[in-house]
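Engineer: Below: sequence and its predicted model.
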Amino acid sequence: MQKFDLLVIGSGPAGQRAAIQGVKLGKRVVIVEKQEVVGGVCANLGTIPSKTLREAILHFSGFRHRHAYGRSYAVKRRVTFGELRLRINQVIQHEVEVARDRMMRTGVEIVSGIARFEGPNTVAVTNSDHVTTLEADKILIAAGTVPYRADRVPFNNRNIIDTDRLFERDFDMDTLPKSMLVVGAGVIGTEYACMFATIGVDTRLLDRRTELFRFVDVEINEALTYHMRNERVTLYLGKDFKEIREDENRKVVTTLANGREIKTDMLLFASGRAGAIEALNLDAAGVKSCSRGLIEVNENLQTNVPHIYAAGDIIGFPALASTSMEQGRQAACRAFGVPFKVEAQLLPYGIYTIPEISMVGKTERELMEEEVPYEIGIARYREVSKGKIMGDETGMLKLVFHQKTGKLLGVHIIGDGASELLHIGQAVMSFGGSISYFVDTVFNYPTLAEAYKIAALNGLKRVGAAALTEGEFEAPKTSGAEEVWVDENSTVPPTGAPH
């Protein structure tokens with residue numbers, strides 16, 4: 001039996017960062033990974049392959065250049081899934097190699113096999129016919145998730161599949177389906193619906209909920225819904241299915257609760273994910289799980305067994321690679337008594353739909369419920385030169401700020417590069433800054449970053465205040481004449497402004 005200070009189950013984003021952090025704290029750390037390669041679902045079946053698929057689709061479809069060459073423009077008219085997977089496999093291989101190299105250079109020991117608890121401090125790892133027993137003072141469960149499979153869905157791994165199946169090595173789909181029904185309008189399902197619609201697949205999206213993302217700003221949500229419908233995605237929101245079957249022509253027939261039938265070539269089931277706990281034998285360790293195999297943790301990421309921690313997708317929302325990385329580091333630090341502070345309200349969210357969505361901080365809905373006096377400032381990509389250059393004239397950046405002090409409370413973006421652009425606002429929020437920062441800052445030109453200044457000026461115009469460098473508001477200085485607000489992007493001079 002080998003003894004370690006920290007044993008990590010799973011080599012995804014949470015597991016990797018926890019293991020590396022543990023070594024940096026001077027501990028002996030081992031990672032147990034059941035797959036032949038490291039990286040977990042993120043690198044092999046989830047985040048990395050799906051985002052690579054998105055970029056490949058945007059390229060082949062010519063989506064970003066249709067504003068200049070017309071809606072019929074495409075780099076390649078007929079694209080096979082094999083061509084898309086070629087690029088996906090290249091990126092996966094690179095990510096796996098980088099992850100393994102990083103852990104090996106750091107000094108993390110890696111053991112391949114299926115982990116199974118034999119006691120609160122003991123884990124047996126089975127690899128083929130060989131069993132290795134490991135013991136550790138601290139254990140982190142970062143085993144990730146698997147697609148949730150409803151019992152009433154007759155999966156056949158051919159044309160009724162879950163999202164992981166798309167990237168499994170033995171999945172053969174050389175020809176893209178002509179039509180597809182995506183069941184589940186959560187983040188994953190909506191992302192795939194956008195992708196396949198962009199590449200020309202007749203795509204439908206079904207969900208019992210009446211709106212896409214309740215945690216997203218209402219205006220951004222409405223804009224995404226509009227753009228999806230504009231790309232010919234048929235939305236069946238507020239509806240449920242009664243039966244799914246395959247007919248004699250190998251068409252997937254989905255019968256809704258009202259008896260309506262939807263016939264498609266393929267059905268992609270994306271109605272959430274479940275914790276990958278089946279092989280862990282949590283009972284032997286005394287660890288409790290809850291709905292869909294997720295593990296409950298406290299603010300320190302401890303399970304009900306104090307020396308056993310959990311992090312990443314297996315603990316549920318927000319289940320993002322970025323937050324999982326921080327959770328992994330946090331768990332390792334807390335396990336060994338090292339302080340670690342997480343500003344939960346500053347965790348960014350990136351949703352890789354088409355168009356892309358990203359947000360940080362509060363939404364208008366939340367601030368209204370909390371009775372906080374707020375105001376907004378908006379900039380549209382069409383008002384920014386870079387937006388026209390890129391061909392994205394429908395994007396939008398919204399700043400939400402305190403109406404009295406100007407303190408930035410939230411940033412919400414829809415459009416190309418949203419998840420990159422967001423970090424400027426996130427940085428300002430992290431030091432408690434106000435929208436005055438954007439007014440007083442010079443941005444490169446032409447860039448999308450300019451949208452922050454335009455949105456800030458728009459917000460100041462709404463509250464009728466002038467920005468101060470220290471981040472507070474003061475009443476407008478009129479000096480006997482009416483103050484003039486100038487919209488830098490308007491071609492029409494405001495009233496009273498010189499021509």
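Structural biologist: Sure, I can see it.
Engineer: can you tell me how far residue 111 sits from residue 152?
Structural biologist: 38 Å (Cβ to Cβ, to the nearest Å). Where you see a C-beta, it was placed from the backbone N, CA and C, and this is true even at glycine.
Engineer: more neighbours, the two?
Structural biologist: Higher neighbour count among residue 111 and residue 152: residue 111, with 16 against 9, using other Cβ atoms under 10 Å.
Engineer: Next one: that one from residue 277, what distance?
Structural biologist: Separation of residue 111 from residue 277 (Cβ to Cβ): 19 Å.
Engineer: how about the spatially closest residue to residue 132 that is not a sequence neighbour, what does it touch?
Structural biologist: The shortest distance from residue 132 to any non-neighbouring residue, by Cβ to Cβ, 6 or more residues apart in numbering, is to residue 125 (4.6 Å). For residue 125, the contacting residues are 32, 111-116, 131-134, by Cβ atoms under 8 Å, 6 or more residues apart in numbering.
Engineer: Tell me which entries of these lie within strands.
Structural biologist: 32, 111-112, 114-116, 131-134 (DSSP state E).
Engineer: In PyMOL, how would I select just the buried ones from the residues you listed?
Structural biologist: Buried residues among the ones in strands among the contacts of residue 125 (16 or more other Cβ atoms under 10 Å), as a PyMOL selection:
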select buried, resi 32+111+112+114+115+116+132+134
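Engineer: Most widely separated two among the ones in strands among the contacts of residue 125?
Structural biologist: Based on Cβ to Cβ, the longest span within those runs between 112 and 133 and measures 14.9 Å.
Engineer: can you give me the mean pLDDT across stretch 304-320?
Structural biologist: For stretch 304-320, mean pLDDT is 92.
Engineer: Just the buried residues of it, please?
Structural biologist: Applying 16+ other Cβ under 10 Å to stretch 304-320 flags 308-316, 318-320 as buried.
Engineer: Run a quick neighbour tally on residue 68.
Structural biologist: There are 9 residues near residue 68, going by other Cβ under 10 Å.
Engineer: So it lies in a helix, does it not?
Structural biologist: Yes. The assignment for residue 68 (DSSP: H, G, I helix; E, B strand; the rest coil) places it in a helix.
Engineer: ok, it - contacts?
Structural biologist: residue 391.
Engineer: Over to residue 166?
Structural biologist: Residue 166 touches 49, 53, 173, 268, counting by Cβ under 8 Å, 6+ apart.
Engineer: now, which of those lie within helices?
Structural biologist: 49, 53 (DSSP state H).
Engineer: Turn the contacts of residue 166 into JSON lines, including neighbour count.
Structural biologist: Conversion of the contacts of residue 166 to JSON lines gives the following (neighbours: other Cβ atoms under 10 Å):
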{"residue": "49", "neighbour count": "24"}
{"residue": "53", "neighbour count": "24"}
{"residue": "173", "neighbour count": "17"}
{"residue": "268", "neighbour count": "26"}
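Engineer: Reformat the contacts of residue 166 as JSON lines; add pLDDT and distance to residue 61.
Structural biologist: Shown next, in JSON lines, are the contacts of residue 166 (pLDDT from 0 to 100; distance: Cβ to Cβ, whole Å):
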{"residue": "49", "pLDDT": "91", "distance to residue 61": "18"}
{"residue": "53", "pLDDT": "93", "distance to residue 61": "12"}
{"residue": "173", "pLDDT": "81", "distance to residue 61": "18"}
{"residue": "268", "pLDDT": "97", "distance to residue 61": "18"}
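Engineer: ok, so of the contacts of residue 166, who is nearest residue 439?
Structural biologist: Nearest to residue 439 among the contacts of residue 166, with distances taken as Cβ to Cβ, is residue 53, at 39.8 Å.
Engineer: The closest one against residue 194, yeah?
Structural biologist: No. Look at residue 53 against residue 194 with Cβ atoms under 8 Å: they stay out of range, at 11.1 Å.
Engineer: on that earlier part again, for the contacts of residue 125, which one is nearest residue 245?
Structural biologist: Taking Cβ to Cβ as the measure, residue 114 is the one of these closest to residue 245, at 34.4 Å.
Engineer: Fine by me, thanks again.
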